[in-house]
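**Q** have a look; sequence and predicted model below, questions after that.
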Amino acid sequence: MASEAPKHVPPPGDFCHWSFRLTRLANGAAAGSVPRVNTTIEGKVYPEATFEVGAEHVAAFASIVGQTVPGIPPTFLTLPEFDVFGPIMDDPELALDFPRVVHSDQEYVWHRPLTLGETLTVGSRIASIRERGGHGFLTIEVSLTAQDGGPVATTFATLLERAAG
Amino acid sequence: MRFMDVQVGDELPSLARLVTREDVDAYAEVSGDHNPLHRDDEVARRAGYPGIIAHGMFTLGLLGSCVVAWTEDPAALLRMKAAFRAPVFMGETIVAGGRVRALDAESRTATIEGWVQLDRDGLTEYPVKKGEVWVRLE
């Protein structure tokens, strides 16, 4: 489709690890009949939430992921991260077709260790949204901040909305 | 683990886990992720799977635990990234592993390549692939 001029094509490193070959605009025939991801909302910021790092919650999570060393499991960050996904997934501007969405990549950056009992402010934004070959690629950035405003952690979840049909 | 005791190429002890429906239910409860792909066999079958699949983050959590068992300190982790590339079905055994790829003496940081693998029909699948974990050691 001529109207689908590529814009902001990410550097090759971004998605070069996809296990299947992505041919840009390969599925042009689907245009018009199948909604595509809305690339105009890149950078959109969602309302902040709060999350308490509760001892019982941490203990339950540590048990499930099989951590035997004392302390907060690193991937516990997933919980405050997931908490703010709801409003994003339900965002009519984003209009994801959920049955076609898979979680493809995940990244965590710890600026300091989490502390038991602390309350975190959880901010989220659409860090990037792209379309390639009919597939949509969405990266949600979640920022965890302490009550004193200091950064605690940042997470990046990349979701793939598969091309329809 | 102390930085002085680590060398490039060192393997982390692997961590194996039989994945059961109880595990996946427990993960759904604690995480609040009630996506029916992880809870409802019928929904999962319509998506082309033999039944429910484990949460990717449950699987990645095992890699986290593998690394933490090696560092002996969860606060050692600075950064972690990974790609999800295969589903995990109930009754399968996943194995998390890793290897030290690089060391930086100045920052006392080790870079670990990590993965979670399983055997299915004689083939090795990688539910977690291209894992990279940066840790700072004492």
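**A** Structure's in. What do you need?
**Q** ok, whatever residue of chain A ends up closest to chain B - contacts?
**A** Closest residue of chain A to chain B, Cβ to the nearest Cβ: A:Val65 (3.2 Å). Yep, even glycine has a C-beta here, placed from its N, CA and C like the rest. Counting by Cβ atoms under 8 Å, 6 or more residues apart in numbering or on different chains, A:Val65 touches A:Pro73, A:Thr75, B:Phe58, B:Gly61, B:Leu62, B:Gly64, B:Ser65.
**Q** just give the nearest non-adjacent residue to it, would you?
**A** Closest residue in space to A:Val65, ignoring its immediate chain neighbours: B:Gly61 at 3.2 Å, by Cβ to Cβ, 6 or more residues apart in numbering or on different chains.
**Q** that neighbour: what's it in contact with?
**A** Here B:Gly61 is in contact with A:Phe61, A:Ile64, A:Val65, A:Gly66, A:Pro73, A:Thr75, A:Thr78 (Cβ under 8 Å, 6+ apart).
**Q** tell me which two of those residues sit farthest apart.
**A** Farthest-apart pair in those is A:Gly66 and A:Thr78; separation 14.9 Å (Cβ to Cβ).
**Q** count of residues packed around the closest residue to A:Pro73 other than its chain neighbours?
**A** Closest residue in space to A:Pro73, ignoring its immediate chain neighbours: A:Gln67 at 4.6 Å, by Cβ to Cβ, 6+ apart. The tally of other residues near A:Gln67 (other Cβ atoms under 10 Å in any protein chain shown) stands at 26.
**Q** same question, B:Asp5
**A** B:Asp5, neighbours per other Cβ under 10 Å, totals 8.
**Q** what sits up against stretch B:85-92?
**A** Under Cβ under 8 Å, 6+ apart, the answer for stretch B:85-92 is A:19, B:18-21, B:24, B:49-54, B:59, B:94, B:118, B:120, B:125-130.
**Q** just the ones of the residues you listed in strands?
**A** Cross-referencing the contacts of stretch B:85-92 against strands under DSSP state E gives B:Leu18, B:Ile94, B:Leu118, B:Arg120, B:Glu125, B:Tyr126, B:Pro127, B:Val128, B:Lys129, B:Lys130.
**Q** from those residues, pick the one nearest chain A.
**A** Using Cβ to the nearest Cβ, B:Lys130 comes nearest to chain A of the ones in strands among the contacts of stretch B:85-92, at 5.8 Å.
**Q** so who does the residue nearest to the closest one when sequence neighbours are not counted touch?
**A** The shortest distance from B:Lys130 to any non-neighbouring residue, by Cβ to Cβ, 6+ apart, is to B:Ala83 (4.7 Å). Shown in contact with B:Ala83 (Cβ under 8 Å, 6+ apart): A:His17, A:Ser104, A:Asp105, B:Val128, B:Lys129, B:Lys130, B:Gly131.
**Q** what's opposite B:Ala83 in the beta bridge?
**A** A:Asp105, B:Lys129 (DSSP bridges).
**Q** report pLDDT for it.
**A** If you check B:Ala83, the pLDDT there is 98.
**Q** and what of A:Val101?
**A** 85.
**Q** may I have the beta-bridge partners of it?
**A** A:Glu161.
**Q** who are the neighbours in contact with it?
**A** Going by Cβ under 8 Å, 6+ apart, A:Val101 touches A:Leu159, A:Leu160, A:Glu161, A:Arg162.
**Q** for the third one, give me its contacts.
**A** Going back to what we said before, that points to A:Glu161. A:Val37, A:Leu96, A:Asp97, A:Arg100, A:Val101, A:His135, A:Gly136, A:Phe137, A:Leu138.
**Q** please redo it, this time with the cut-off set to 7 Å
**A** Contact partners of A:Glu161, counting by Cβ atoms under 7 Å, 6 or more residues apart in numbering or on different chains, are A:Val37, A:Leu96, A:Asp97, A:Arg100, A:Val101, A:His135, A:Gly136, A:Leu138.
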